[in-house]
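Participant: sequence first, predicted coordinates after that:
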Amino acid sequence: MVFIKSILVPVIAVFIFGAAFFFRFAPSFQRDEGKVDSSVENTITASVPPALEQSEILDELQQTTSSRVALNRERTRPSVPLTLAPERSLPEIVEMKAPDPEVIIPSSVQVPETISPPVPLPALPLSPLDEDMLKAAVVRIRCGNVYGSGFAITSGGLVLTAAHVLIEAIDAGVSECDVIFPRKHPDFGFYSETYYRKGAILSASTTTIFYKEKGLDVALLKTESLADEPIFPGGFPFVDYLFCGPETLGNEVLLFGYAANVGTGVSSPGSVLSRFDGAVLEYEDVNGVKKVPSKIFDAGFDYLPDFTFSVDESRHHPIVLIVSNNNFSGASGGLVFNTAKRCIVGVNSAVGTASGDPRIFGLIYNIAFPEVNDWLKGFLP
């Protein structure tokens, strides 16, 4: 017996030391969270001193709190606290008395061998996407020398656009801008500006506050029909879809607008409607507004949102960040449409790039954001 113990003790020690060595040098791994261009690198390490007595090794292996998890993203994120489950104590042993002879207790309970999970209801199929309906509702907006885009959301001519497309006119005291509806080319199928109408700027004071003080780049125009309207007798074309809910990460989108690089000639750049593909990347919360010299207007300033990134899908955020295959000046105010859920994401506002990253990023203002949505409801029929 002494001989067996003398053999087993070193073997057990070697086995325990090997296990400790494995946990000390376990490799790092990456986990895909299933969101567009978002990765999480988890590194788990367990430290073991180079020389330990056998009892110390056993104690070390039992200390699970020495492990730590580090989360890294492409952009800075709040660290996720590691929550340890509370220690569980064994239930108190309660002495049981045998039942009276008159009471009959079954010796076993019949349990089915397998329990089938409930069958989930099939998802409702999406209706076919009518892109022609979307394109016919995307308008070009001209305010003096400033061109942009917008889209009608009612047959009565209520048009959403970006505030920075109208702000120079608002500051100058102008109350109207041109709203130009497109026509589909009968042979080639593209849409280009054709039908000019006047659009009244709605709630100019609120638009100014939104843009300059709250970092919300959204605005409204109201288009009036002509007398005996010859082109739109039944009302203006409009985007007949709802605004999206908060859960859109990774969803594919389409961006429509009159990009300045596409047109019929030098005299009319941006007269042809453009269509870009993209996907929702992240959300942004606005912390404030930065006033910078304008790169668009001859004089004046741009008011840019100071924001932090988020992937929280439990609520609406004012800005949705997308990545797209292209985006140009002139498409500001254009429609961004979620093809995965058949809903309106919001208003195209700005385009940007990151150093060393070939992708094109776009800031989209979420019309379902509570403060914006409450304001919009005051103008809906």
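Facilitator: Yep, that arrived.
Participant: drop to CA atoms for contacts and neighbour counts, all remaining ones
Facilitator: Noted.
Participant: what separation do you get for Gly148 and Asp132?
Facilitator: As judged by CA to CA, to the nearest Å, Gly148 and Asp132 stand 20 Å apart.
Participant: who has more neighbours, those two?
Facilitator: Gly148 (26 against 12; other CA atoms under 10 Å).
Participant: got the contact list for the helix or strand containing that one?
Facilitator: Here Gly148 sits within strand 146-152, counting by DSSP states H and E. For strand 146-152, contacts defined as CA atoms under 8 Å, 6 or more residues apart in numbering pick out 137-142, 158-162, 165, 236-239, 257-258, 329-335, 347.
Participant: okay, now the nearest residue in space to Gly288 that is not next to it in sequence: neighbour count?
Facilitator: Spatial nearest neighbour of Gly288, excluding adjacent residues (CA to CA, 6 or more residues apart in numbering): Asp306 at 5.1 Å. For Asp306, the count of nearby residues is 14 (other CA under 10 Å).
Participant: check contacts around Asp306.
Facilitator: Asp306 neighbours (CA under 8 Å, 6+ apart): Gly215, Val286, Asn287, Gly288, Val289, Lys290.
Participant: what domains does the record give for this structure?
Facilitator: 2-72, 132-377 (automatic domain parsing).
Participant: can you check the distance spanned by the longest one, start to finish?
Facilitator: Criterion CA to CA; first-to-last residue distance in domain 132-377 is 26 Å.
Participant: returning to that earlier point: relative to the strand or helix carrying the residue nearest to Gly288, what are the paired strands and their orientations?
Facilitator: Per DSSP H and E: Asp306 is located in strand 301-310. According to DSSP bridges, strand 301-310 forms sheet pairs with strand 274-293 (antiparallel).
Participant: next, the buried residues of the partner strand.
Facilitator: 274-275, 277-286, 289 (16 or more other CA atoms under 10 Å).
Participant: with just CA atoms, put it into PDB.
Facilitator: Extracted in PDB, the C-alpha atoms of strand 274-293 (Å, rounded to 0.1, in the frame of the first residue of the first chain):
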ATOM      1  CA  SER A 274     -29.400  57.800 -57.600                       C
ATOM      2  CA  ARG A 275     -29.800  54.500 -55.700                       C
ATOM      3  CA  PHE A 276     -27.100  53.200 -53.300                       C
ATOM      4  CA  ASP A 277     -26.900  49.900 -51.300                       C
ATOM      5  CA  GLY A 278     -25.900  49.700 -47.700                       C
ATOM      6  CA  ALA A 279     -26.500  48.200 -44.200                       C
ATOM      7  CA  VAL A 280     -27.100  49.500 -40.700                       C
ATOM      8  CA  LEU A 281     -23.900  49.500 -38.800                       C
ATOM      9  CA  GLU A 282     -24.500  51.200 -35.400                       C
ATOM     10  CA  TYR A 283     -26.500  53.900 -33.700                       C
ATOM     11  CA  GLU A 284     -25.500  57.300 -32.300                       C
ATOM     12  CA  ASP A 285     -26.600  59.400 -29.300                       C
ATOM     13  CA  VAL A 286     -26.200  63.200 -29.600                       C
ATOM     14  CA  ASN A 287     -24.300  64.800 -26.700                       C
ATOM     15  CA  GLY A 288     -24.100  68.300 -28.200                       C
ATOM     16  CA  VAL A 289     -23.500  70.400 -31.300                       C
ATOM     17  CA  LYS A 290     -20.200  71.600 -32.800                       C
ATOM     18  CA  LYS A 291     -20.300  74.900 -34.800                       C
ATOM     19  CA  VAL A 292     -17.800  74.900 -37.600                       C
ATOM     20  CA  PRO A 293     -17.200  77.100 -40.600                       C
END
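Participant: do you have the helices of the stretch 201-350 of the chain handy? List them.
Facilitator: 204-213 (DSSP state H, counting those that start in this stretch).
Participant: my bad, should have said the stretch 51-200 of the chain
Facilitator: 54-61, 131-137, 163-171.
Participant: could you tell me the least trusted of those helices?
Facilitator: If the helices of the stretch 51-200 of the chain are sorted by mean pLDDT, helix 54-61 sits at the bottom with a mean of 44.
Participant: mind showing which ranges of the stretch 51-200 of the chain have poor pLDDT?
Facilitator: 51-125 (pLDDT under 70).
Participant: let's see that with 90 instead.
Facilitator: In the predicted model of the stretch 51-200 of the chain, residues 51-128, 144-146 satisfy pLDDT under 90.
Participant: OK, contacts around Asn366?
Facilitator: His316, His317, Pro318, Ile319, Val320, Val345, Gly346, Val347, Val372.
Participant: nearest to Ala204 among the residues you listed?
Facilitator: Val372 (14.2 Å; CA to CA).
Participant: show me what counts as buried in stretch 140-158.
Facilitator: Those would be 140-143, 146-158, for stretch 140-158 by 16+ other CA under 10 Å.
Participant: if we can go back for a sec, angle of the strand holding Asp306 against helix 204-213?
Facilitator: 70 degrees (axes from the mean of the first three to the mean of the last three CA atoms, to 10 degrees).
Participant: in strand 301-310, which residues are buried?
Facilitator: Phe301, Asp302, Tyr303, Leu304, Pro305, Phe307, Phe309, Ser310.
Participant: return the set of residues that bridge with the fifth one.
Facilitator: Pro305 has the following beta-bridge partners by DSSP bridges: Val289.
Participant: which residues pair with Arg183 across the strands?
Facilitator: Residues in beta-bridge contact with Arg183 (DSSP bridges): Ser192.
Participant: how much space separates the closest residue to Leu255 other than its chain neighbours from Asp357?
Facilitator: For Leu255, ignoring the flanking residues on the chain, the nearest one in space by CA to CA, 6+ apart is Val336 at 4.5 Å. Val336 sits 22 Å away from Asp357, going by CA to CA.
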